[in-house]
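>>> my questions are about this predicted structure, shown below with the sequence.
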4 protein chains.
Amino acid sequence: MPVDLSYSAEVLDLVARTEAFIAAHVLPVEEEFAGDITAAGGDDLRRELNAKAKAAGVFAPHAPVEYGGLGLSMSDRSPVFSAAGLSTFGPAALHIGAPDEGNVHMLAHIASDAQRDKYLGPLATGEVRSAFAMTEPAPSGAGADPNQLSTTATRVGGGWRINGRKRFITGAEGAGFFIIMARTAGGVGDRGGATMFLAPGGTAGISVDRHVETIDKAMIGGHCEMTFTDVFVPDEDVLGEVDEGYRYAQVRLGPARMTHVMRWLGSAQRAHRVAVDYVRERDGFGGKLADLGMIQQLIADNEIDLAATQALLARACYELDQGEHASDSTSIAKTYGAEAFSRIVDRSIQMCGGLGVSADLPLARLANELRPFRIYDGPSEVHRWAIAKRAVGRARKAAERKG
Amino acid sequence: MPVDLSYSAEVLDLVARTEAFIAAHVLPVEEEFAGDITAAGGDDLRRELNAKAKAAGVFAPHAPVEYGGLGLSMSDRSPVFSAAGLSTFGPAALHIGAPDEGNVHMLAHIASDAQRDKYLGPLATGEVRSAFAMTEPAPSGAGADPNQLSTTATRVGGGWRINGRKRFITGAEGAGFFIIMARTAGGVGDRGGATMFLAPGGTAGISVDRHVETIDKAMIGGHCEMTFTDVFVPDEDVLGEVDEGYRYAQVRLGPARMTHVMRWLGSAQRAHRVAVDYVRERDGFGGKLADLGMIQQLIADNEIDLAATQALLARACYELDQGEHASDSTSIAKTYGAEAFSRIVDRSIQMCGGLGVSADLPLARLANELRPFRIYDGPSEVHRWAIAKRAVGRARKAAERKG
Amino acid sequence: MPVDLSYSAEVLDLVARTEAFIAAHVLPVEEEFAGDITAAGGDDLRRELNAKAKAAGVFAPHAPVEYGGLGLSMSDRSPVFSAAGLSTFGPAALHIGAPDEGNVHMLAHIASDAQRDKYLGPLATGEVRSAFAMTEPAPSGAGADPNQLSTTATRVGGGWRINGRKRFITGAEGAGFFIIMARTAGGVGDRGGATMFLAPGGTAGISVDRHVETIDKAMIGGHCEMTFTDVFVPDEDVLGEVDEGYRYAQVRLGPARMTHVMRWLGSAQRAHRVAVDYVRERDGFGGKLADLGMIQQLIADNEIDLAATQALLARACYELDQGEHASDSTSIAKTYGAEAFSRIVDRSIQMCGGLGVSADLPLARLANELRPFRIYDGPSEVHRWAIAKRAVGRARKAAERKG
Amino acid sequence: MPVDLSYSAEVLDLVARTEAFIAAHVLPVEEEFAGDITAAGGDDLRRELNAKAKAAGVFAPHAPVEYGGLGLSMSDRSPVFSAAGLSTFGPAALHIGAPDEGNVHMLAHIASDAQRDKYLGPLATGEVRSAFAMTEPAPSGAGADPNQLSTTATRVGGGWRINGRKRFITGAEGAGFFIIMARTAGGVGDRGGATMFLAPGGTAGISVDRHVETIDKAMIGGHCEMTFTDVFVPDEDVLGEVDEGYRYAQVRLGPARMTHVMRWLGSAQRAHRVAVDYVRERDGFGGKLADLGMIQQLIADNEIDLAATQALLARACYELDQGEHASDSTSIAKTYGAEAFSRIVDRSIQMCGGLGVSADLPLARLANELRPFRIYDGPSEVHRWAIAKRAVGRARKAAERKG
């Protein structure tokens, strides 16, 4: 997978420096935690790694320049984020992990000046982390289907009062502030009627009830279950317009999906490299394993999956950088990438035999980090539904044009 | 997946009692360990569960009747072992887990009378556990390719002296005795020339060096790395004939593969049941998730995979019970089953969304238990190679007959 | 794929004689038509082959003994029909092709004595062929969804008057009689309300409008579009009870699905044999193609698919022979088999390279014969929907039992 | 699949005009031949369509400007060739079909001035067609493995004498000239030692023995078996350097692979459009088929496959336009595309049910046109082998760099 030659020399240099930084400063830390990675080591470690990343000039490549970031376009972020993804601690080290990176992106687009000072600044510089509180628990509640949103925000003097339960809120534990999605119009099952609210972590009524233990461990602050009980949010902390929450969520989701793909592409590349290095060296069946046809098929299928993901990602980033919604191309790249990553790491495990399922190699651990992406940020089924709907809609319009 | 109606009433009753036993006595124990299952709770727990299984009349359904077992045929074992597999602690509870179950099978076929008293009896009754020391570490050594066998047994007065290293030796920690595969003729890379040796756990020179941490956690005694240093085995503890080790390994492997399929079929059925129950209840997209076409496809594909595995397993057990080698049908059932199990549990996870990758449901844990089976007992690639070789051989003979 | 040893010596002998008959008398005829197979050569050829099959004692192995058939159970038909399927002309030669074989089966279960004399006898002995007129044209009409049935039968003095259009009516051209499914209650979209009618081929108002040209060519009488205009059917030619047509269709469909699987399994086996023989002989990459890992993977996957289809088929036939509905096991075997057959022939083509897509080998032709089975007799999607529905229903009942 | 917005207005206009030309002038012709397409209608029809294409300004978009072509880069050819591929007669109409298009490309790079006048000019303008004689018949001979090359060229006074047999020579019947690959050094199985020769169609000793009938029908001049008997080629008609034939073949193969992908991408897009239009309109199961989840999955998977092929193609064309060999990216795009096309048309058939396998829709026909591409221009297995070899080679070098 050669890096696209059309990247500028500056970007290629940043990619190289990021890879070197990950190898020198991040992988050794990951190694220490490998036996028991929880919450990626916590905030102290994050700040320590952030400081090193700043020193190495690789910190926050996506953040606005005014906050010390490098202000890269989506296209240019792509190889840099993937390089960071070569360690599961890389995104935290560069402060480009979810949900912070997506929140920076959204706040930079929507936040008022006061909100930029109060929330965006501290977040962009790594002073605090943040969380995005949208998903809700079963049997009903907003999961893959956002219309099920049941957390409510009720008008009170000078602001809003929020009540509801949330689940899988990434980074909630220790978050400096929350972006809360709550219903301000309509009822459960209705489309629209959601608003986004900003609230500092210590606000009365915000409770992080428990970590939902999941097979991915790399996200600082975990995936949490939360209760919002009569949480008061003043009018100045309403993010954007009332009832426009879903529209903003879309603004956030397209790029956020793609940065997920970028980071986890790095994990998939790492898994592939580990496996190729193994079969190059391991004896068996009268030669090296890498000389066997079925192993070559696994290698080639990994190469094809990596190349296709990169190509779809490049296309989606191009569209996003052109200012397009890119709903279709980001859905396609996300769906393909998430499924490809599981295939790639699974083939890598298979190539390494018994070692592949052991902690002697990082593969089984990476499989557990990558599996949830077929569910997070919209399950593959929901993306396929949306992709099909749009395809049918385009066909209908084309037929109408022809008359 | 209705149970095959051709089973006798006795077997069906045993299946029902096994399911009930697992539900009442084993799943609650598994639940306790769910957060941190290592070595399936250890030998004390195993003995406790064994006692309960004996009391319930479901202990060791495969063991010879003379040792207190039920002496079931392979065909009849199938639904009973699958019922036990509904808990990851079930096989240990019934004393039908690997490698003990396969070792009982092999010793019952090959052991001398003295060996039966000294080794088989205590093993069959659950007094001790055992291990089968065949696999060796990379870069060379007997892994998927047994001809790489490099542990040696050298003739000395009154017996043999064994030297070598082994890896992925299941159940080694705490094993009452070992069956050791060592080279008695030829060199590394040569076919044949292996012999099986029996040695009590405390024999001088046997060292369990470390647990290889793997993603499956359910096997008591773990998967270990071992060193054999000048281990002396007297002639009376040579198992079967000298230089015939590979032939005996084949005797063991066919049935052992099938009992793996039986047990893990139970895990796969459990995953499917959990997921179907989830989508029956979860609201979304204007109904229950179980009413959505893409979810129905996941359910149906699971049903198809379960049915095909059961059908292939039934065929292979039929052949084994007829006294055939059944190399082909056991390879096919093993390969299909191992791959189907990963697909089934993966689809089950997908059906359950975020919960699917969490510890709130057993699915992600089961995925980690099931994944290694595509590698253990011969990677899929090795089985496919053997299946193809035999198919080509049969075609050649058919052509010669015609020609 | 060794034949199941549990077959009786008589059945194994019949299988061997069927294979020999196909090789000696049918494949040479297929060869002649290979360049341009349409309607499998027509009725004259069919009668000629039927006579030879009678002489060889392999004619109509499924038909009732009273009509000169061999009266085999579903289980015993299985290897015989597969042997016949080794030629695309085999089913016609043995008079076991669709739809006749299924119609014999259904008439033997439902027909009145008079109907047996008038319709079943001539059909079972091969004097005439028949057709089953159920499917209707788009945009509405009964296709995969039988509730769309729009052909109507209206009560008139002494019988019924049928009007409607049908499509994909296999064997319509030259059929001795038709079984017509028409609505006698309810309207389009309603469940139930269908009745089956018998009508001789020459009945006034029955028109075979055109052959729908399809990629499968082996069925005598083609797949036709038909119009029924005021077709009068007297009361004595109503098949079974009025309004019970769907129930009878189910009686027919389970076994008919399985005999489709049996016949086309023969085609798939043939494709696999051709390909294995090719790669055994073809030089390339320093040896025979059969020695290459990726080719071995194709061979092994074919073997697995063949074995799984056989095993699922055996299970479904067992249930049908026990008198069960076997809706689930026949749906599963049909869906798996139909998809496996396309995979098998596709891999066989790939193994043979350029020759694989040429008329020098029968593979591309077989691919075209096999592809439609994923659609005929219920598309895979409809079967999956039904399989899932039943699985959810069983889970619901199990939950209710538990309380 | 929106067209890439980065194309220039000129290219987008050409794409639109090409689509319009295909719809107005080519699809109606294809329609006429649909029942019996052989050799795409022959050379008279080709010349007629070529004239219309010239009039519409869409002829030979790839050919050098000096010969009346449009001189498009690989990147810009991509959407134009795909638009032409919307009809199976489109490539012939625009004179961009295989092997002519690849031969123009290669001659433009390698031919001497005299050869340009004698061969390239007449070919580029559509005056004549050409063929590329490389593949040889089994059991040995150059098929997927070019080292098996057994056709020989022996030095004689003033030139060479060629003897050998060739197979699957596309466009041989009626070709104005041949490019013949023959061995000038080494023996069968040796690497290298091949030379390319130019010879007019009427040269003594060149014999087109038969058409190999294949399931694809769209290539003018068919796929032929040929004999070369003492064919004399003067020194001035040696193409490039002696013994450098394989190197030139590589020059030809990369771009030729990509133009195959472009053209057949058009066929796949057409199949998808036909199917989406069908399920938008067809009633069933209480709505339109397009509203069913399993149908939406088929649609979405087609969209994903189309997008991934386009993205990989764009990447490979970018590299080729930069003057790179692009062996890896063209292998990957070819392998992915060829397999995706079969999947896409297969899903399209499935969406259309019975009509899908009939001649009422072009789908089954397109399936037969697309299937061979997984074999032509290197079977997927050979590409995977090469992709894996290169990946392992890169890993080895990376490891060596690290020390």
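Looks like it arrived, so ask away. Numbering: from 1, shown residues only, chains lettered A, B, ... in the order given.
>>> do you know how far residue A:324 is from residue A:382?
21 Å (C-beta to C-beta, to the nearest Å). All C-beta spots, glycine's among them, are computed from the backbone N, C-alpha and C.
>>> to clarify, my last question referred to residue A:91.
Between residue A:91 and residue A:382 the distance is 24 Å, computed by C-beta to C-beta.
>>> could you do residue A:146 as well?
10 Å.
>>> ok, now residue A:395?
From residue A:395 to residue A:382 the distance is 21 Å (C-beta to C-beta).
>>> which of these two has more residues huddled nearby?
Each of residue A:395 and residue A:382 has its neighbours counted (other C-beta atoms under 10 Å in any protein chain shown); residue A:382 has more, 22 against 19.
>>> so which elements touch the one helix or strand the more buried one maps to?
Using DSSP states H and E, residue A:382 sits in helix A:380-402. Applying 3 or more C-beta pairs under 8 Å, 6 or more residues apart in numbering or on different chains; DSSP states H and E, one finds that helix A:380-402 contacts helix A:327-351, helix B:293-321, helix D:245-281, helix D:293-321.
>>> what's the first helix or strand after the shortest one?
Moving toward the C-terminus from helix A:327-351, the first helix or strand encountered (DSSP H and E) is helix A:353-356.
>>> and the contacts of that next one?
Contacting residues not belonging to helix A:353-356 are listed as A:275, A:278, A:348-350, A:361, A:363-364, B:135, B:138, B:143-144, B:167-168, B:212, B:214, B:223, B:372, B:375-376, B:379 [C-beta atoms under 8 Å, 6 or more residues apart in numbering or on different chains].
>>> change it to 6 Å
Outside helix A:353-356, the residues that touch it by C-beta atoms under 6 Å, 6 or more residues apart in numbering or on different chains are A:349, A:361, A:363, B:143, B:168, B:375.
>>> what of stretch A:60-68?
A:69-72, A:77, A:80, A:95-96, A:104, A:108, A:124-125.
>>> make TSV from the residues you listed and add pLDDT and neighbour count to it.
Formatted as TSV, those follow (pLDDT from 0 to 100; neighbours: other C-beta atoms under 10 Å in any protein chain shown):
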residue	pLDDT	neighbour count
A:69	90	19
A:70	91	19
A:71	92	15
A:72	95	20
A:77	95	24
A:80	97	26
A:95	95	27
A:96	96	28
A:104	94	23
A:108	92	18
A:124	95	25
A:125	94	17
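>>> quick one: which of those is nearest to chain C?
Set against chain C, the nearest of the contacts of stretch A:60-68 by C-beta to the nearest C-beta is residue A:80 (36.3 Å).
>>> ok, so what distance separates the closest one from residue D:394?
Taking C-beta to C-beta, one finds residue A:80 at 21 Å from residue D:394.
>>> and what of residue A:387?
34 Å.
>>> same drill for those two, tell me which one is more crowded.
The residue with more neighbours, out of residue A:387 and residue D:394, is residue A:387; 24 against 16, by other C-beta under 10 Å.
>>> hang on, isn't the more buried one packed against residue A:330?
No: counting by C-beta atoms under 6 Å, residue A:330 is not a contact partner of residue A:387; they are 10.5 Å apart.
>>> find the nearest non-adjacent residue to residue A:318, please.
Closest residue to residue A:318 apart from its sequence neighbours, by C-beta to C-beta, 6 or more residues apart in numbering or on different chains: residue A:75 at 6.1 Å.
>>> what helices or strands is the helix or strand hosting residue A:105 leaning on?
Using DSSP H and E, residue A:105 sits within helix A:100-110. Judged by 3 or more C-beta pairs under 6 Å, 6 or more residues apart in numbering or on different chains; DSSP states H and E, the packing partners of helix A:100-110 are helix A:245-281.
>>> ok, then the element right after the helix it packs on?
Sequence-wise, the next helix or strand downstream of helix A:245-281 (DSSP H and E) is strand A:283-284.
>>> strands paired with that next one, and their directions?
Using DSSP bridges, the strands paired with strand A:283-284 are strand A:287-288 (antiparallel).
>>> state the mean pLDDT of the partner strand.
Averaged across strand A:287-288, the pLDDT comes to 91.
>>> quick one: that strand to chain centroid distance?
39 Å (C-alpha atoms, centre = their mean, to the nearest Å).
>>> over to stretch A:147-166?
Relative to its chain's centre, stretch A:147-166 lies at 26 Å (C-alpha atoms, centre = their mean).
>>> which residue is nearest the centroid of chain A?
residue A:260 (3.5 Å; C-alpha atoms, centre = their mean).
>>> hang on, residue A:24 in a strand?
No: counting by DSSP: H, G, I helix; E, B strand; the rest coil, residue A:24 falls outside a strand, being helix.
>>> how far away is it from chain B?
26 Å (C-beta to the nearest C-beta, to the nearest Å).
>>> also residue A:209?
13 Å.
>>> surely that residue and residue A:225 touch.
Yes: using C-beta under 6 Å, residue A:209 is in contact with residue A:225, at 4.7 Å.
>>> out of those two, which sits in the more crowded spot?
Neighbour totals were compared for residue A:209 and residue A:225, and residue A:225 leads with 20 against 13 (other C-beta under 10 Å).
>>> that's a helix at the more buried one, yeah?
No: judged by three-state DSSP, residue A:225 forms no part of a helix; its state is strand.
>>> that one bridge partners, please.
residue A:210.
>>> list the contacts of it.
Contacts of residue A:225 by C-beta under 6 Å, 6+ apart are A:167, A:209-210, A:212.
>>> go again with 8 Å.
Residue A:225 neighbours (C-beta under 8 Å, 6+ apart): A:137, A:165-169, A:208-212.
>>> please apply the same query to residue A:254.
Counted by C-beta under 8 Å, 6+ apart, residue A:254 has contacts A:316, A:320, A:325-327, A:330.
>>> ok, it to chain B distance?
Counting by C-beta to the nearest C-beta - residue A:254 and chain B are separated by 21 Å.
>>> so the closest residue to residue A:195 other than its chain neighbours versus chain D, what's the distance?
Take residue A:195 and drop its neighbours on the chain: the residue closest to it by C-beta to C-beta, 6+ apart is residue A:184, 4.3 Å away. As for residue A:184, its distance to chain D is 31 Å (criterion: C-beta to the nearest C-beta).
>>> quick one: contacts for residue A:184?
Residue A:184 touches A:152-153, A:160, A:193-195, A:242-243, A:245, counting by C-beta under 8 Å, 6+ apart.
>>> for residue A:159, grab the count of nearby residues.
Around residue A:159 there are 17 residues (other C-beta under 10 Å).
>>> returning to what we had before: would you turn the contacts of residue A:184 into JSON lines with neighbour count?
Formatted as JSON lines, these follow (neighbours: other C-beta atoms under 10 Å in any protein chain shown):
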{"residue": "A:152", "neighbour count": "16"}
{"residue": "A:153", "neighbour count": "27"}
{"residue": "A:160", "neighbour count": "22"}
{"residue": "A:193", "neighbour count": "18"}
{"residue": "A:194", "neighbour count": "27"}
{"residue": "A:195", "neighbour count": "24"}
{"residue": "A:242", "neighbour count": "17"}
{"residue": "A:243", "neighbour count": "15"}
{"residue": "A:245", "neighbour count": "28"}
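>>> now, which of those lie within strands?
Counted as lying in strands by DSSP state E, out of these, are A:152-153, A:160, A:194-195.
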